[in-house]
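Enquirer: Fold the following and give me the result.
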Amino acid sequence: MRERVIGAAQMGPIQKSDSREVVVSRMLSLLDQAADQGCDLVVYPELALTTFFPRWYMEDQSEIDGWFEREMPNAATQPLFDRARAHGVAISFGYAELTPEGHHFNASILTDRQGHIVGKYRKVHLPGHVEYDAARDFQHLEKRYFEPGDLGFETFDNEGTLMGMCICNDRRWPETWRVMGLQGVELVMLGYNTPSVNSQNRGEGLSERLYHSELSVTAGAYQNATWAVAVAKAGLEDGFPLMGGTIIVDPDGFVVARTTGEGDELITAHCDMDRCQFGKTTIFDFARHRRVEHYGRITSQTGVER
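Expert: Below is the predicted model of the structure:
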């Protein structure tokens, strides 16, 4: 048995006026709770340090850059790294990254239990649009403020567990999971900030949105025989509702823990990484069963071609 005790640290809303220091203090509280419950890994949401700023249309680049982190850790987040190291707990969280070369990414990092960054991911599947859209109830300007990730879907051997990351919309694309599955991934961590309403389909309710989120994660976990942790930022943020639905999923696609509200909330699960091996050596034994000669369209085209 290779057991990890994993904490999924859902966060309630972060208002536009909240400082990084205020947010980090909440993250520290969740980390302390996780340590008290024996966790050795805690996963936080996408854009865990700020409000979901892509809902706001901005033209001033200096204003836009104010939402981004130029280094990690930095003065505001160093206490989180220090506390995680003191507890002996690895962490993963998302943030807006501004590189020294001036590139803007929606990023996520992973540390080991000593507080060293051992993995980074940059969001590949950016939803939304570039210019202001008056037809929407609210904006979703990720394509305006971020570039598509350039690191691919890599996996990282973190203290004996093969871990991968993705962010929000990535969970809806089966290619995300399969690329990591082909590397033998045992744990996929993802954070999201998903609106409770669809700005382009008002007939879609919260229950449908929660179902589609959970369906994506459970299917990805099952079809690649991996544990998965999907963590929300939720609640009424800047007047706009974000859905919760944080879950921990086993390699058979079953939800083993879920949050009950839309505020700061920790859920935990004892996760035996050896449970991944049955699926990886039977129905999803890729070496025996994949037929790549028929999969060319997956990488040779983007849009539909009849």
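
Enquirer: in stretch 19-31, what's buried?
Expert: 20, 23-24, 26-27, 30-31 (16 or more other CB atoms under 10 Å). C-beta coordinates here come from the backbone N, C-alpha and C atoms, glycine included.

Enquirer: Please, where are all the strands along the stretch 201-306 of the chain?
Expert: 227-232, 235-237, 240-242, 247-249, 255-258, 265-272 (DSSP state E, counting those that start in this stretch).

Enquirer: Nearest to Leu98 among those strands would be which one?
Expert: For these, proximity to Leu98 was assessed by CB to CB; strand 235-237 is nearest, at 21.9 Å.

Enquirer: buried ones in the closest one?
Expert: By 16+ other CB under 10 Å, the buried positions in strand 235-237 come out as 235, 237.

Enquirer: related to what we said a few turns ago, the buried residues of stretch 19-31 in helices, which ones?
Expert: If you go by DSSP state H, those have 20, 23-24, 26-27, 30-31 in helices.

Enquirer: Just send these back as CSV, with pLDDT and distance to Ala86 too.
Expert: Below are these laid out as CSV (pLDDT from 0 to 100; distance: CB to CB, whole Å):
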residue, pLDDT, distance to Ala86
Arg20, 98, 20
Val23, 98, 20
Val24, 98, 15
Arg26, 98, 18
Met27, 98, 14
Leu30, 98, 15
Leu31, 98, 10
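
Enquirer: possible to save those as JSON lines with distance to Gly152?
Expert: Formatted as JSON lines, those follow (distance: CB to CB, whole Å):
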{"residue": "Arg20", "distance to Gly152": "29"}
{"residue": "Val23", "distance to Gly152": "29"}
{"residue": "Val24", "distance to Gly152": "29"}
{"residue": "Arg26", "distance to Gly152": "31"}
{"residue": "Met27", "distance to Gly152": "27"}
{"residue": "Leu30", "distance to Gly152": "29"}
{"residue": "Leu31", "distance to Gly152": "29"}
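
Enquirer: List just the nearest of those to Met165.
Expert: Distances from Met165 to these, taken by CB to CB, are shortest for Met27, at 17.3 Å.

Enquirer: Look up the closest residue to the closest one, ignoring the ones flanking it.
Expert: Of all residues not flanking Met27 in the chain, Leu80 sits nearest, at 5.6 Å (CB to CB, 6 or more residues apart in numbering).

Enquirer: do Leu206 as well
Expert: Ser196 (5.1 Å).

Enquirer: what do you get for Met1?
Expert: Closest to Met1 by CB to CB, 6+ apart is Asp272, at 5.1 Å.

Enquirer: repeat for Arg209
Expert: Closest to Arg209 by CB to CB, 6+ apart is Met243, at 5.8 Å.

Enquirer: Can you report phi and psi for that neighbour?
Expert: phi -80, psi 160 (degrees, to the nearest 10).

Enquirer: Please shift the residue numbers so they start at 443 in all later answers.
Expert: From this message on, residue numbering opens at 443, which makes the last subject Met685.

Enquirer: Hmm, it is touching Ala674, no?
Expert: Yes: Met685 is within contact range of Ala674, at 6.6 Å (criterion: CB atoms under 8 Å).

Enquirer: Residues that sit against both of those two, list them.
Expert: Common neighbours of Met685 and Ala674, using CB atoms under 8 Å, 6 or more residues apart in numbering, are 636, 704.

Enquirer: Helices along this structure, start to end?
Expert: 462-478, 503-507, 520-529, 584-587, 616-623, 648-665, 718-723, 728-731, 739-742.
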